[in-house]
Each structure stands twice: as C-alpha cells, then as structure tokens.
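Have a look; sequence and predicted model below, questions after that.
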Amino acid sequence: MSDYMIRAVAAGEQIRCFAINSRELVEEARCRHNTSPVITAALGRLLSGGAMMGGMMKGEKDLLTVKIDCSGPVKGITVTADAKGNVKGFPLVPQVSLPASSAGKLDVGRAVDLGVLTVIRDMGLKEPYSGSINLVSGEIAEDLTYYYAVSEQTPSSVALGVLMNKDNTVRESGGYMIQLMPDASEEVITVLEERLKNIEPVTTMYTKGYTPESMLEYILEGFDLEITERIPVRFHCGCSRERVRKALAALGKKELESLIEEGTPVEMNCHFCNSDYSFETEELIEIKNSLK
C-alpha cells in the first residue's frame, strides 16, 4: 500500500481531523540519512506530523517548516511539507544509540530532550508566519499538541508512531491529528476527551490492519465522520544538479574564480535528502563563462 493521508470532518464539522500512513516515506528517510532506530522514530514522527500540518494549507506554493532545536543527542530535526503531500526532513545527528525507555520503547523523548519547536508557514506574504513553544516532552506528538493549544488556540490531539523491524527497517509509521473547532459543543468535547483516553497506539492499530480511514472511524464512532480528501504522500526533495548549478552561478565570478584556482572539485550536499553533487573545475569554468 502506498502512503497517503486523509482529511476529514466529523460531528457536523465541529471536529477537523487528519490521519496518515507513512511507512514508505519514513523508510526512505531512514535509508537516505542512515538513521539509527531511535532517530528513525524521531524523524519519522516529525515527518508524519509535518505532512498532516502541511495538509492544512491552501495554496499550491505554501510551504510549512517544523524545526526542533534541542539539547538531546539528536541536536535538532527539520521537516518541510507542502499542501500536496510532499515532505522531506533531516536530523542533525543521524546515529544515536540509547537504551530503551522504561516502557521498553525507543526513547525518543531522551533523544530529543529539552528545546524549542518552531513552526514556520510561508504563504507568499511579505513575512512568513512563525510560532514557537518550549518542548514539553520531546516525544513530538505531545509537543505538537501543546503547540496548537498555545500558539494557535486550537484544542488538538496528536498521535504519532514509528515501529521498527528487528533488522531496523520501518514496519509501521503514521499518526492522526484531531482538532476541535471553535463551535464544538461541550457534549462533543466531553465524549471525545473520554474516547481518546483509551485509544491504542497508532502503530498497534496499523499492525492489527487498520487504515487511516478505519482508524478515524473507530476513534470517532458516532460522530458521523466524513472523509473529504485522500492525498498521496511521499518523501520528496526538489533539489537537482541544475538547481545546485544555479546556486553556484549566484556566487558570482569572483567567488567562482577563487574556487577554480583551488583546482579541486566542489562538493555540495543537500541536507534534506542527503544527495551529493560534485562539480569539476571544467564545469566551474563553464559556469563562470556563462555569466555576463
């Protein structure tokens, strides 16, 4: 099954919700960045959350960035997503080894620890919208829940999970985001809060065969769930050799001449997808000569 997310409403649009299956995109991120299991889990959770948050945007060129700067051994994670299901991201430290948590799980909270979560929405305006909160747990789902409550005054329940195979590949990954709209009644709020107390972890539900649709149908049973859109999601980076070439050209003739004089290839790396680009001296001369 290819990765996808769904948008939905429930309780007469008093509830807005999203759910995502992200196993393939998280596995691709693991391969690209060669992440250890606990960092795969941390990056995978933020990729899933970022993809759903990106799904809230309206414009085709809108871009959302979720950035964690932290004191834990991962040091930081950055994810960007658009409204069309494209998401990418990277950890500052891809290889971290930690003991399991007291619950026997990958200890994402310890890998992240204290820090700041920042959400930036670039919607083509003069200035991007930016909001930040201090991390409350480092577990990421709880931090995103807190972000929506504090920065956007939107009561939310965010659940994210990544389950690894014994060979350290990704077995299951995904999550959901359920938000109460301003007109939500006290009855809806009370029933939903009680329901969410007893919900199994996302990866447990996916292991049992749930899909994003059936997971939301189960959680929101009796709330007349209406799925409004199904969006394919993928790990996608827009970098290319041509874009890197343009970046080199933007350095200008003087800087290019300095690089040419060194006589060694210029190596460029994309942090988001870990692709490497190499430009020989002859190519640098060609780029310089193409400039007016």
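Noted; the coordinates are in hand. Remember, predicted model here, so these are calculated numbers, not experimental data. Numbers count the residues shown, from 1 in each chain.

Can you tell me, leaving aside adjacent residues, what's nearest to residue 169?
Distances taken as Cβ to Cβ, 6 or more residues apart in numbering place residue 27 nearest to residue 169, at 6.2 Å, with adjacent residues excluded. Every C-beta, even on glycine, is put in place using the N, C-alpha and C of the backbone.

if I look at that neighbour, how far off is residue 289?
Residue 27 sits at a distance of 43 Å from residue 289 (criterion: Cβ to Cβ, to the nearest Å).

where do the helices sit along the stretch 51-200 of the chain?
108-112, 141-151, 186-196 (DSSP state H, counting those that start in this stretch).

helices and strands around the last one, which ones?
Pointing back at helix 186-196 there. Here helix 186-196 touches strand 170-180, going by 3 or more Cβ pairs under 8 Å, 6 or more residues apart in numbering; DSSP states H and E.

Low-confidence stretches in the stretch 1-150 of the chain?
Counting by pLDDT under 70, the ranges of the stretch 1-150 of the chain that qualify are 1.

Tell me where the stretch 51-200 of the chain has strands.
63-70, 76-82, 86-91, 115-122, 129-134, 156-164, 170-180 (DSSP state E, counting those that start in this stretch).

Among those strands, which comes closest to residue 143?
strand 115-122 (5.2 Å; Cβ to Cβ).

So which residue is dead centre in this structure?
Nearest to the mean C-alpha position of the chain, by Cα atoms, centre = their mean, lies residue 47 at 2.2 Å.

hmm, back to that, possible to save the strands of the stretch 51-200 of the chain as JSON lines with distance to residue 244 and mean neighbour count?
Putting the strands of the stretch 51-200 of the chain into JSON lines (distance: least, Cβ to Cβ, whole Å; neighbours: other Cβ atoms under 10 Å) gives the following:
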{"stretch": "strand 63-70", "distance to residue 244": "19", "mean neighbour count": "21"}
{"stretch": "strand 76-82", "distance to residue 244": "18", "mean neighbour count": "23"}
{"stretch": "strand 86-91", "distance to residue 244": "16", "mean neighbour count": "26"}
{"stretch": "strand 115-122", "distance to residue 244": "21", "mean neighbour count": "18"}
{"stretch": "strand 129-134", "distance to residue 244": "27", "mean neighbour count": "14"}
{"stretch": "strand 156-164", "distance to residue 244": "31", "mean neighbour count": "23"}
{"stretch": "strand 170-180", "distance to residue 244": "29", "mean neighbour count": "24"}
